[in-house]
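Enquirer: Mind folding the following:
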Amino acid sequence: MTRTVAARRARRSVRTRRIVRATAAVTAAFSLLTAALILLACFVNDQRIDRDMGSATATVTEVTDRRAAVEFDTGGGHHVRPVTGVFYPIGLIEGQRVQVEFRRANPDLVRVSGRSWTVAVVPALSIPAVVIPLAALTYAAASPRVHRPTPRVPRTDPR
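Expert: Below is the predicted model of the structure:
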């Protein structure tokens, strides 16, 4: 009876380690995919702006940790306040006037003039830079080598 209980515990332990390792690997891969998609989205938005570009002087109306809200006139008397704010808002302060570039067909797609998707590389890669080492440590901790008992070598007495 104790053999079956011990065998069940061993199988459960192996299964748990496999699940932990798989979860760690998927988490690491997901963080890389997320960073790649963020950069791709920034690149695509920049290309859309570059193909149909308008420019204006905007006033920064609000700055939070995640975005900077701006308002500007597109030139035809159309006043715009993009809902998502401006792309690449690093270093902006409330009340500041900045040059912006926007897509004329969709003025809500706006970025600070002179900035591009390359500004997003460091923030996007910071996600996998933190997640991957943590996932690697978790994977290693769940490795069977870590949990394998040390083999006992019988002593031999040199008499």
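Enquirer: For the rest of this, base every contact and every neighbour count on C-alpha atoms.
Expert: OK.
Enquirer: Show me what the mean pLDDT comes to for the longest helix seen in the chain.
Expert: Longest helix of the chain, by residue count under DSSP state H: helix 2-51. Taken as a whole, helix 2-51 has a mean pLDDT of 91.
Enquirer: just stretch 101-114 next, same as before
Expert: The average pLDDT within stretch 101-114 is 93.
Enquirer: What residues of that stretch count as buried?
Expert: Neighbour counts over stretch 101-114 (16 or more other C-alpha atoms under 10 Å) mark 101, 102, 103, 104, 107, 108, 109, 110, 111, 112, 113 as buried.
Enquirer: In contact with residue 54, which residues?
Expert: Residues counted as contacts of residue 54 (C-alpha atoms under 8 Å, 6 or more residues apart in numbering) are 74, 101, 102, 103, 104.
Enquirer: How about residue 24?
Expert: Contacts for residue 24 (C-alpha under 8 Å, 6+ apart) come out as 135, 136, 138, 139.
Enquirer: By neighbour count, which of those wins?
Expert: Among these, the one with the most neighbours (other C-alpha atoms under 10 Å) is residue 135, at 22 neighbours.
Enquirer: ok, it to residue 9 distance?
Expert: Distance of residue 135 to residue 9, given as C-alpha to C-alpha, to the nearest Å: 25 Å.
Enquirer: hang on, the earlier thing: export the buried residues of stretch 101-114 to a markdown table and append columns for secondary structure.
Expert: Putting those into a markdown table (DSSP: H, G, I helix; E, B strand; the rest coil) gives the following:
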| residue | secondary structure |
| --- | --- |
| 101 | strand |
| 102 | strand |
| 103 | strand |
| 104 | coil |
| 107 | strand |
| 108 | strand |
| 109 | strand |
| 110 | strand |
| 111 | strand |
| 112 | strand |
| 113 | coil |
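Enquirer: So for residue 157, what's the pLDDT?
Expert: Looking at residue 157, its pLDDT is 65.
Enquirer: Just want the angle from the longest strand seen in the chain to helix 2-51.
Expert: Looking across the chain with DSSP state E, the single longest strand is strand 53-63. Here strand 53-63 runs at an angle of 120 degrees relative to helix 2-51 (axes from the mean of the first three to the mean of the last three C-alpha atoms, to 10 degrees).
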